[in-house]
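> The following block contains a protein sequence and its predicted model.
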Amino acid sequence: MALNTDQVTAALATVTDPELRAPLTELDMVGDITITTDALSVEIRLTIVGCPAADRIESDTRQALQSVLGGRRLDLTVGVMTTDQRGALVARLREGRPATNPFTPDSLTRVIAVTSGKGGVGKSSLTANLAAAVSKEGFSVGIIDADVFGFSIPGLLGLDATPPTRIDDMMLPPIAHDIKVLSIGMFLGSDQAVAWRGPLLHRTLQQFLTDSYFGDLDFLFLDLPPGTGDIAISVGQLLPHAEILVVTTPQPSASDVAWRSGDVARQTGQRVLGVIENMSSTIGVGGETLNFFGEGGGQIVADKLDVPLLGSVPLSTSLRQAGDDGTPLVLSHPEDPLSDIMSTLARAIIRGGPSKAGKGLPVSLKSN
């Protein structure tokens with residue numbers, strides 16, 4: 001069987017780097033290709049020594065090349081990029097620009113910041129499930145866990161504490177359930193607490209935005225700490241176009257303070273997308289309605305902010321269990337009634353943003 005370099009390259013183009021989400025051929029990860037009557041020799045260049053995706057890349061490459069071997073022996077060499085090759089890759093991924101925040105008002109990525117007035121209202125669980133539900137609708141999604149003191153997103157998505165892969169000064173957010181995730185919890189030990197003041201918190205969020213490579217996202221969710229402190233103000237400065245989701249429980253002690261987080265966001269120029277009431281009434285085993293945390297708080301917050309109440313999420317042990325297991329409920333138990341509610345909320349978020357129709361892409365077309 002005749003074989004040429006173009007056929008081999010086409011086969012390699014079907015192999016994707018699982019962290020960068022692009023074909024090896026587009027990432028300059030393919031080196032020398034040598035074809036003889038007896039053997040096909042191919043060199044693959046990993047981005048770094050100890051690349052966590054090395055085994056998968058090698059396995060996928062071998063499988064892809066089986067279709068073109070034609071009885072030849074496959075000699076696959078897996079090496080590592082040189083410093084210059086790695087630098088060229090980083091420059092290409094950043095489109096030749098220095099490390100900057102790509103999520104500007106001109107970006108096509110919608111930034112959804114999830115906030116609350118107080119802790120313990122289930123904000124992180126909602127963030128994980130809403131992000132998973134939006135991803136399930138076919139969108140490219142990322143999460144930044146900006147709750148530096150109370151980070152919980154990695155656990156809710158089943159990620160361990162392994163730091164992100166670094167290509168020079170660029171971080172690649174780990175991927176869980178098709179969602180790219182970045183959290184301070186990935187850089188700390190499980191028994192290490194954070195005791196930082198405002199400037200360091202601001203710098204952490206800034207680095208998450210500028211030093212990481214999320215690629216082309218449709219949605220970036222931010223899980224914010226409760227209240228109106230330093231991180232909320234930093235989000236207003238760094239992401240002034242973010243859309244805010246305010247989470248509250250029905251009880252007055254939560255709703256009385258929840259509106260403030262939305263009000264502060266507006267003061268920094270952000271738009272409040274709506275309110276979600278979590279831990280609302282549920283149905284007991286005897287069919288009775290149980291209001292463990294009262295009722296009506298979500299609507300009170302929505303009225304005070306003059307935004308819609310997007311929905312109410314009942315108190316649910318299945319939602320809690322799914323979070324403990326590390327898989328969002330919308331993925332692990334799509335048949336659960338709560339998954340339908342999450343999916344409905346996700347579609348409300350998708351439809352609720354400003355129109356991008358007619359907005360130009362950040363590229364220039366040059367004629368020869």
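Structure's in. What do you need?
> And for residue 351, the neighbour number?
Close neighbours of residue 351, defined as other Cβ atoms under 10 Å, add up to 7. Every residue, glycine included, has its C-beta placed from N, CA and C.
> wait, I meant residue 245
29.
> With residue 97 instead?
Residues near residue 97, counting by other Cβ under 10 Å, number 8.
> Equivalent analysis for residue 109, please.
When neighbours are counted by other Cβ under 10 Å, residue 109 registers 18.
> Spit out the contact partners of it.
Taking Cβ atoms under 8 Å, 6 or more residues apart in numbering, we find residue 109 in contact with 102, 103, 216, 217, 218, 219, 220.
> swap the cut-off to 10 Å and go again
For residue 109, the contact set (Cβ atoms under 10 Å, 6 or more residues apart in numbering) comprises 102, 103, 140, 141, 142, 214, 216, 217, 218, 219, 220, 241.
> now do residue 178
Contacts of residue 178 by Cβ under 10 Å, 6+ apart are 21, 131, 132, 135, 136, 139, 140, 141, 331.
> hmm, try it at 8 Å
135, 141.
> re the thing from before, in TSV: the contacts of residue 109, plus neighbour count.
Output for those, formatted as TSV (neighbours: other Cβ atoms under 10 Å):
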residue	neighbour count
102	21
103	23
140	18
141	26
142	24
214	23
216	10
217	20
218	17
219	24
220	25
241	16
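> pLDDT at the residue nearest the centre of the chain, what is it?
For the chain, residue 142 is the residue whose C-alpha lies nearest the centre (Cα atoms, centre = their mean; 1.5 Å). Model confidence at residue 142, given as pLDDT, is 97.
> what's across from it in the sheet?
On the basis of DSSP bridges, residue 142 is bridged to residue 180, residue 220.
> List the buried residues in the longest strand that the chain contains.
In the chain, taking DSSP state E as the definition, the longest strand is strand 271-280. Within strand 271-280, the residues that count as buried by 16 or more other Cβ atoms under 10 Å are 271, 272, 273, 274, 275, 276, 277, 278, 279, 280.
> Residue 315 is in contact with the last one, correct?
To tie it back to what came earlier, the one meant is residue 280. Yes: using Cβ atoms under 8 Å, residue 280 makes contact with residue 315 at a distance of 7.0 Å.
> For residue 222, which non-adjacent residue is closest in space?
Take residue 222 and drop its neighbours on the chain: the residue closest to it by Cβ to Cβ, 6 or more residues apart in numbering is residue 113, 4.3 Å away.
> and what of residue 60?
In this structure, residue 60 finds its nearest non-sequential neighbour in residue 15, 4.7 Å apart by Cβ to Cβ, 6+ apart.
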